[in-house]
Structures are given as structure tokens and as C-alpha cells.
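*Asks:* this is a predicted model, with the sequence first.
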Amino acid sequence: MSRIKKILGSLVTVLLFKTYIAFFATILVFLYLANFVVYQAVLIVFSINENSFITIVILGFFSLSFIASILLGRKRYNFFTRVYSIISMVWMGFFAYFLIASFIYIIEFAYIGDSSRHFALILFGLTTLVGIYGLFHAKKLIIKEVIVGLPNLSEVWKGRKVVLICDLHIGQINGKNFVESVVEKLKQISPDIVLIGGDLFDGSSAQGVLNCIVPFSSLSIPLGIYFVTGNHEVYGNSDLLLEAVKKAGIKTLHDEKVVIDGLQIVGVDYKTTTKELDFKNVLINIQIERNIPSILLKHEPSHIGVAEQAGISMQMSGHTHKAQQWPLEYFAKMAYGRFENGLNQLGKTQVYTTSGVGTWGPPLRVGTDSEIVVFTFK
């Protein structure tokens, strides 16, 4: 029996390995072809004679950099990994708009020819400006104030500030200086309680990245700081990440609740709630009291109906980033519908999905904000 288990285990490992290889190979082929489109548009615009060797080097570098920088940054955190990540991710952000501009230009060039060169220069100039705007806008932290009502809420909560922050993605790009800026904003807000809705880290378990969370230890929040895991905590060494969170004075809620002055704060892990049935069982085990108001802290705004059936008063989530860059938000809307961003409601359950504080991948925001959400109760 043990031999059969070993054989089955080996087969599963091989299949998973092949799946990962196929997945990354698909991404690399797509990135190579997409970079090739941009490269060809640039050659046409600037009348450059193509050099096959240079083409291979340039396209290979930009195609591999996105994935390579992520994999490299999982275990290392130093000057080289940070610079490499910044270059790779900034290019990906600009590349999204260059790709759109290239398609427009190549299609237009096919019909008009050389006379469209000035149009191309304007087109690429505008997309470059959009990218630059996105870089600066992503660093601007917006404080968004939201007023909500919760049934049966104790009078003591009226006037208190509940702060929600999600998706800081502390890592190669969002380092200690970024964390310090977030902490400084929190000190200015002076909240009564802080809720962190997952993806605090970007998936790296490097010691340098873990040290970036230290500024949180300087906060003095009357009712505490509470955290639930997101998908990026699963990508790294969860034990090391959660230990760093604990040392920073942050309490992690592992499929559990705390009751503070008559308000249930319910926190669920990402990996135990991705499937609807598992999520339902988690909420059953937590034993939520329906006659007491509750806030559910869940990283992904999915399976809202389960939360509503369990009697949750309000769910707070992140994860979507509102796709960070226009027009990608339409894909997020396809995945999460009206719960993709902002305040919405299903039955008696209110749902707020924040676009997040930090960025994943390209450090750009176009059409979205880096937001810290402050809730007050009416």
C-alpha cells in the first residue's frame, strides 16, 4: 500500500511540474509575441533596420524579465533584485499601453503607410505620458471615507474609526519607505482599529522583505490591528511571514472571531475559503451570532452569498486592485461583477471591496487609486 502511495505521489508531482512548465511556457510565448509586436512598431516608426541578433536579445530580456524577477525576488532581497524588479515591472506597466498603441499604429500603417509616422509619434508619446502619470499616481495615498450603518450596533462604536488596508504587497518594489509612508498616514488618521485584508506581503520570504514590516510596531491602535492572509501569503513561506506579522504587533485571525464591544470581527484565511463549500463550513465552525453585528475580513470578494446566508452584516475585502490599470478593470468586473470595487449590498450584507494600498507587478495606477479606507458608523 505504501509503495502504491509513493507511486501516486510521484505521478502527482510530475503532473504538477508539467502543469507549471506549460503555464510558464504559455506566458513566455505570449510575452515574446506581444513584445515582438511593440518592437516591430518601433522599427517602423523610427525607420530602423532590423538586426536579428539584437532582436533576440532584446525580446528575450523583456519576455523573461517579468517572471524571472518574481522568481528571483522570492528568496533574495538586495540592491540588484530591487533594481531588476523595478525595471522589469515598470516596463510591464508601460508595455501594456505600448502594445495597444502598436496594434493601433500597425493597423493604421497598413492602410496609410509612411504618412502616418507623425500620428505614431503622437500615439507613443501619449502612452508614455500615461505611463509616467501612472507611476506617480500609484504613490499617492488617498484616504477614502465611508459612512455605513450596522444593525444592532452598540452606541460606543458611533464616532469610532475603523480603517481597512489591503494589498500592500511589501516586497522588492514596495519596501520599507513605502511601509513607513502608510504607517505615517495611519498615525494621522488616528484609527480605533485597523483591519488588514490580505496580501500584506508580495510572496517573498527573504529576510530583508520581512524586516520591512517593522514600522507597524510603532503604531498604537486602541482596539488593535487584525490581519487575514491573502493569496500572496500562500506563495511565500507562511510560517516566516506570519511570525514577522506577529512581531510587528499584528494579530492574525485564522478562521476565527473576536468580539469587541458588541461587534464581531471575523477573519478567514484565503486558502481555506477559496471554495464555496469550504467557506461555508468555516463560517459554520466560527459560530457567528446573527443578533450581534459582524464584520467579515476576507481577502477575496467571492462567494458573497455564503456570507449573506451566515448572517454577516458587512464583508470587507481587497484582492482586485480594481485591476490597477485602465482598461484592465473590465476583466476584474467580469470576474467579480458589481463586487469588484466600492460599496455594494447583497440582501442584508454590505460588501466593501477596496482597490488596495500598494501595487502588484507594474507599480502603476491609471483609473484607480491607492486607498486607505476609513469607516465610521451611523
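*Replies:* Yep, it's here. Remember, it's a predicted structure, so these values are computed and weren't measured experimentally.
*Asks:* mind listing the helices for the stretch 151-300 of the chain?
*Replies:* 176-189, 207-211, 231-235, 238-247, 276-286 (DSSP state H, counting those that start in this stretch).
*Asks:* next, format these as TSV and append mean pLDDT and distance to Gly159.
*Replies:* In short, each C-beta sits where N, CA and C put it, glycine included. TSV is the format used below for those (pLDDT from 0 to 100; distance: least, C-beta to C-beta, whole Å):
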stretch	mean pLDDT	distance to Gly159
helix 176-189	96	14
helix 207-211	91	36
helix 231-235	88	33
helix 238-247	91	29
helix 276-286	95	28
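*Asks:* between these, which one is closest to Ala310.
*Replies:* Using C-beta to C-beta as the criterion, the shortest distance between Ala310 and these is 4.2 Å, found for helix 276-286.
*Asks:* so which of the helices of the stretch 151-300 of the chain comes closest to Phe30?
*Replies:* With respect to Phe30, and counting by C-beta to C-beta, the nearest of those is helix 231-235 at 21.0 Å.
*Asks:* list the buried residues of that closest one.
*Replies:* The neighbour-count check on helix 231-235 (16 or more other C-beta atoms under 10 Å) flags His232, Glu233, Val234, Tyr235 as buried.
*Asks:* check stretch 28-35 too.
*Replies:* Leu31, Ala34, Asn35.
*Asks:* any idea of the mean pLDDT for it?
*Replies:* For stretch 28-35, mean pLDDT rounds to 74.
*Asks:* and that stretch, how far out from the chain middle?
*Replies:* With C-alpha atoms, centre = their mean, to the nearest Å as the basis, stretch 28-35 stands 23 Å off its chain's centre.
*Asks:* hang on, the earlier thing: distance to Thr353 added to the helices of the stretch 151-300 of the chain, as JSON lines?
*Replies:* Listed next are these as JSON lines, based on distance: least, C-beta to C-beta, whole Å:
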{"stretch": "helix 176-189", "distance to Thr353": "19"}
{"stretch": "helix 207-211", "distance to Thr353": "26"}
{"stretch": "helix 231-235", "distance to Thr353": "15"}
{"stretch": "helix 238-247", "distance to Thr353": "22"}
{"stretch": "helix 276-286", "distance to Thr353": "16"}
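*Asks:* quick one: closest of these to Lys348.
*Replies:* Across those, Lys348 has its closest neighbour in helix 276-286 (14.9 Å, C-beta to C-beta).
*Asks:* distance check, Phe66 against Gly73.
*Replies:* 11 Å (C-beta to C-beta, to the nearest Å).
*Asks:* now the helices for the stretch 1-150 of the chain?
*Replies:* Assigned helices in the stretch 1-150 of the chain, in chain order: 2-45, 52-73, 79-112, 117-138 (criterion: DSSP H, counting those that start in this stretch).
*Asks:* could those helices go into a markdown table alongside distance to Ile304?
*Replies:* Converted to a markdown table, these look like this (distance: least, C-beta to C-beta, whole Å):
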| stretch | distance to Ile304 |
| --- | --- |
| helix 2-45 | 29 |
| helix 52-73 | 30 |
| helix 79-112 | 29 |
| helix 117-138 | 28 |
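*Asks:* list just the one of these that sits closest to Thr320.
*Replies:* Closest approach to Thr320 among the helices of the stretch 1-150 of the chain (C-beta to C-beta): helix 117-138, 15.6 Å.
*Asks:* how big is the angle separating that closest one from helix 79-112?
*Replies:* 150 degrees (axes from the mean of the first three to the mean of the last three C-alpha atoms, to 10 degrees).
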